[in-house]
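> sequence and computational prediction follow.
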Amino acid sequence: MAANILDLAREVLTIEAEGLTTLIAKLDVSFVKAVDLMYQAKGRVIVTGVGKSGIVARKIVATFNSTGTPALFLHPVEAMHGDLGMVSAQDVVLALSNSGETRELTILLPSLERLKAPLIAMTGRLASTLGRLARVAIDTGVPREACPLGLAPTASTTAMLAMGDALAVALLTKRGFQAADFQRFHPGGSLGERLSLAISEVMLTGDRVPLTPLSHTLSQAIAEIDAKRLGVTLVVDRGGILQGIITDGDLRRALKKWGDVQDKKVKAVMTPKPRHIGPGALASQALELMEHHAITVLPVVDETQKVLGIVHLHDLLGRGDFKFR
């Protein structure tokens, strides 16, 4: 019996995956137009749907709101009884219906047209009423439902959910949404909580910081990199002032250039004046700096450039418990 249940589960997941693969091949300029419409909107994205599509619509709204696209869920039935007043010509409406003939939605379309709110459809039938009347229609049709009766929305709602995520990520990227923005919208979430901490609370300090004096050889620097296991060492002068940084990448480039580099001074290999951050900055600011410059560590220095610690990308994103001083 257990084997039969597992076989059934595998079949459902295979059908769901098949539906998502189908969406990839269907992506076209309609998706681009939909993203542009939502990006250019001066108001909000009003997402609407009934039944299972309505549940998916609510999730899409939540994802939009948390990634920088103001959105609101509108129940079609409530819309016909007063809630339509929340829609304006400044908004864009995203309507979800696999059949494209959902009665509660189709009777709403003339009112939306009068309000001059651009309509984007997400439907499995482009030739349906919803698909034809929408300014842009995104095809979310799947070959079959996972329900053996072909009745309960399963693969089709998964397809809509995934397409909603694709829209949200495209908009996020187009808006230049950053980690600091995510933290602002998620002050209570675990990632938001981490990113709201000061660098002084998350940085590695003391013996955990890989440090190599400016007078040392590269052989000694390699030993420090290996011992501290962060893939870098900070190069400092006698006063502990930051002079440079040596990364695994710097070592590879040096080996390629010179071959034997063991006896070379660290100054010949280090990257001088590396990016750095102060202890009072937020973790979200460090993450933005890392993302912008494609780096994974930041030296933490005071106003005189003296090294206080170091912060690693994995600690910002939750490699484990933070290393508090």
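Nice, I can see it.

> helix, strand, or coil at G141?
Secondary structure state of G141, per DSSP: H, G, I helix; E, B strand; the rest coil, is coil.

> was I right to think it contacts A127?
No. With contacts counted by C-beta atoms under 8 Å, G141 stays clear of A127, the gap being 10.7 Å. The way it works is simple: take the backbone N, C-alpha and C, and place the C-beta from them, glycine included.

> those two: which is more packed in?
More crowded of G141 and A127, by other C-beta atoms under 10 Å: G141, with 17 against 9.

> would you check that L94 makes contact with I60?
Yes. Under the criterion of C-beta under 8 Å, L94 makes contact with I60 at 7.3 Å.

> which residues in the stretch 201-325 of the chain form helices?
Listed from the start of the chain, the stretch 201-325 of the chain has helices (DSSP state H, counting those that start in this stretch) covering 218-228, 248-258, 283-293, 313-317.

> export these to a markdown table and tack on distance to E18?
Output for the helices of the stretch 201-325 of the chain, formatted as a markdown table (distance: least, C-beta to C-beta, whole Å):
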| stretch | distance to E18 |
| --- | --- |
| helix 218-228 | 47 |
| helix 248-258 | 41 |
| helix 283-293 | 35 |
| helix 313-317 | 33 |
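
> to V307, which of the ones you listed lies closest?
helix 218-228 (13.1 Å; C-beta to C-beta).

> quick one: residues in contact with the closest one.
208-212, 231-233, 235, 246, 248, 251, 254, 261-266, 268-269 (C-beta atoms under 8 Å, 6 or more residues apart in numbering).

> and the strands in this protein?
For the chain, strands defined by DSSP state E occupy the ranges 45-49, 71-74, 92-96, 119-123, 136-139, 211-213, 232-236, 242-247, 271-272, 297-301, 307-312.

> any chance of these in JSON lines, plus mean pLDDT and mean neighbour count?
Compiled in JSON lines, the strands of the chain are given as follows (pLDDT from 0 to 100; neighbours: other C-beta atoms under 10 Å):
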{"stretch": "strand 45-49", "mean pLDDT": "94", "mean neighbour count": "27"}
{"stretch": "strand 71-74", "mean pLDDT": "90", "mean neighbour count": "21"}
{"stretch": "strand 92-96", "mean pLDDT": "96", "mean neighbour count": "28"}
{"stretch": "strand 119-123", "mean pLDDT": "96", "mean neighbour count": "27"}
{"stretch": "strand 136-139", "mean pLDDT": "96", "mean neighbour count": "23"}
{"stretch": "strand 211-213", "mean pLDDT": "94", "mean neighbour count": "19"}
{"stretch": "strand 232-236", "mean pLDDT": "94", "mean neighbour count": "27"}
{"stretch": "strand 242-247", "mean pLDDT": "93", "mean neighbour count": "22"}
{"stretch": "strand 271-272", "mean pLDDT": "92", "mean neighbour count": "12"}
{"stretch": "strand 297-301", "mean pLDDT": "93", "mean neighbour count": "24"}
{"stretch": "strand 307-312", "mean pLDDT": "92", "mean neighbour count": "22"}
